[in-house]
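>>> fold the following and give me the result.
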Amino acid sequence: MSVFIIAEAGVNHNGSVDLAKQLIDAASISGADAVKFQTFKAENLVSKNAKKADYQKQTTNASESQFDMIKKLELDISMHKELVAYCQEKDIMFLSTPFDHESVKMLNVLGLEIFKIPSGEITNLPYLRHIGSLGKQVILSTGMSNLQEIEDALNILINAGTLKEDITVLHANTMYPTPMKDVNLNAMLTMQKEFDVAIGYSDHTLGIEVDIAAVAMGASCIEKHFTLDKKMKGPDHKASLEPKELKAMVDTIRNIEKALGSSEKKPSPSEYANISFARKSIVAKKDINMGDTLDENNLSVKRPGSGISPMKWDKIRGSVALKNYQKDDLIEWIGG
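Numbers count the residues shown, from 1 in each chain. All right, here's what the predicted structure looks like:
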């Protein structure tokens, strides 16, 4: 099963359907499996007095409230329908993260089969129970969380009606961009061991190397923010990939998937032909007459590997030559 790659458009559409469609185009061209947005009602998400995170202050108007910033980034039901239809046209899955009950209901009505839970909602019991009751596939981000909080969230989802095998848990860090020293990618494997669930990684680092490492370590899902232009105004553009970088990430992940192969150790089809060229055979060190005893004095090991393997040395040594050999001739099998 291939890695499920989510191109996270988030709110990088800046409230514009036209920009959202351009993001869908870029995600489709990249080869990602899904493009994901964010669904919310500002009134249901933050109070009008809520302050921005430090990284949001650095990338947007610092004097603006979080409510005012988020309000401009809302997508209403008609916009959602238009984007869902456009994704179908572009043959890429539409996903969106709901941030409130009203948004959960709307996405369910729109027919989404996968619900993405953001890190900030992992301690929101009513919200988790609501999504769990839908019985859909769930992708759970775990930024800012410890193992107990993750276990609690999983139990709520499962007890509400979601099958454990339908849950993928993503390791994440919510800092934009995430410093490399804070990634702690090994925690992804800890969650797999502790909870016996599918694992993945939601990445907010700059670049693509951590995503590639996560896939090599066993991630079945990768989520990565992208934008049309990192210089655009908005909270998340700066820590996002541009379209060429997104495509490079997807292409690299697909190559890593091929490279990982199976757990069976055997020669690959492409290297079978090299066996006779790279390995060696038992050959005549000098001219040998029929009847001579074969030993270290008249035997050697050289390429090609199309004759008797040197691993049969002890069986050949001490036997009698059944024919004449010239120097470098391949020794023929004597049977026995």
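
>>> and the helices in the stretch 151-300 of the chain?
Along the stretch 151-300 of the chain, the stretches classed as helices by DSSP state H, counting those that start in this stretch are 186-195, 209-217, 243-260, 275-278.

>>> got CSV for those helices, with mean neighbour count too?
To be clear about C-beta, it is placed using only N, CA and C from the backbone, and glycine gets the same treatment. Formatted as CSV, those follow (neighbours: other CB atoms under 10 Å):
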stretch, mean neighbour count
helix 186-195, 16
helix 209-217, 19
helix 243-260, 16
helix 275-278, 12
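
>>> can I get those helices in TSV with mean pLDDT?
Shown next, in TSV, are these (pLDDT from 0 to 100):
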stretch	mean pLDDT
helix 186-195	98
helix 209-217	98
helix 243-260	98
helix 275-278	94
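
>>> how about TSV for these, with distance to residue 224 added?
Converted to TSV, the helices of the stretch 151-300 of the chain look like this (distance: least, CB to CB, whole Å):
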stretch	distance to residue 224
helix 186-195	15
helix 209-217	6
helix 243-260	6
helix 275-278	40
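
>>> surely residue 43 is in a helix?
Yes. According to DSSP: H, G, I helix; E, B strand; the rest coil, residue 43 belongs to a helix.

>>> how close does it get to residue 116?
22 Å (CB to CB, to the nearest Å).

>>> ok, those two, which is more surrounded?
Neighbour totals were compared for residue 43 and residue 116, and residue 116 leads with 28 against 14 (other CB atoms under 10 Å).

>>> give me the sheet partners of the strand or helix carrying that one and which way each runs.
Element membership of residue 116, judged by DSSP states H and E, is strand 114-117. For strand 114-117, the paired strands and their directions (DSSP bridges) are strand 137-141 (parallel).

>>> contacts for the partner strand next, please.
Residues from elsewhere that reach strand 137-141 (CB atoms under 8 Å, 6 or more residues apart in numbering): 6, 113-119, 122, 131-132, 150, 153-154, 157, 162, 166-170, 172, 200, 202, 221, 223.

>>> contacts only, for residue 119.
Contacts for residue 119 (CB under 8 Å, 6+ apart) come out as 141-145, 172, 174, 202.

>>> tell me the mean pLDDT for stretch 282-289?
Mean per-residue pLDDT for stretch 282-289: 98.

>>> in that stretch, what's buried?
In terms of neighbour count (16 or more other CB atoms under 10 Å), stretch 282-289 has its buried residues at 282-285, 288.

>>> what's around the nearest residue to residue 14 once chain neighbours are set aside, how many residues?
Spatial nearest neighbour of residue 14, excluding adjacent residues (CB to CB, 6 or more residues apart in numbering): residue 234 at 5.4 Å. Counted with other CB under 10 Å, the neighbours of residue 234 add up to 21.

>>> try residue 19
Applying other CB under 10 Å, we find 17 other residues in the vicinity of residue 19.

>>> and residue 218, by the same measure?
15.

>>> the nearest residue to it once chain neighbours are set aside bridge partners, please.
Among residues not flanking residue 218 along the chain, residue 199 sits closest, at 6.6 Å (CB to CB, 6+ apart). With DSSP bridges as the criterion, residue 199 is bridged to residue 169.

>>> distance of residue 199 relative to residue 230?
Per CB to CB, residue 199 is found 29 Å from residue 230.
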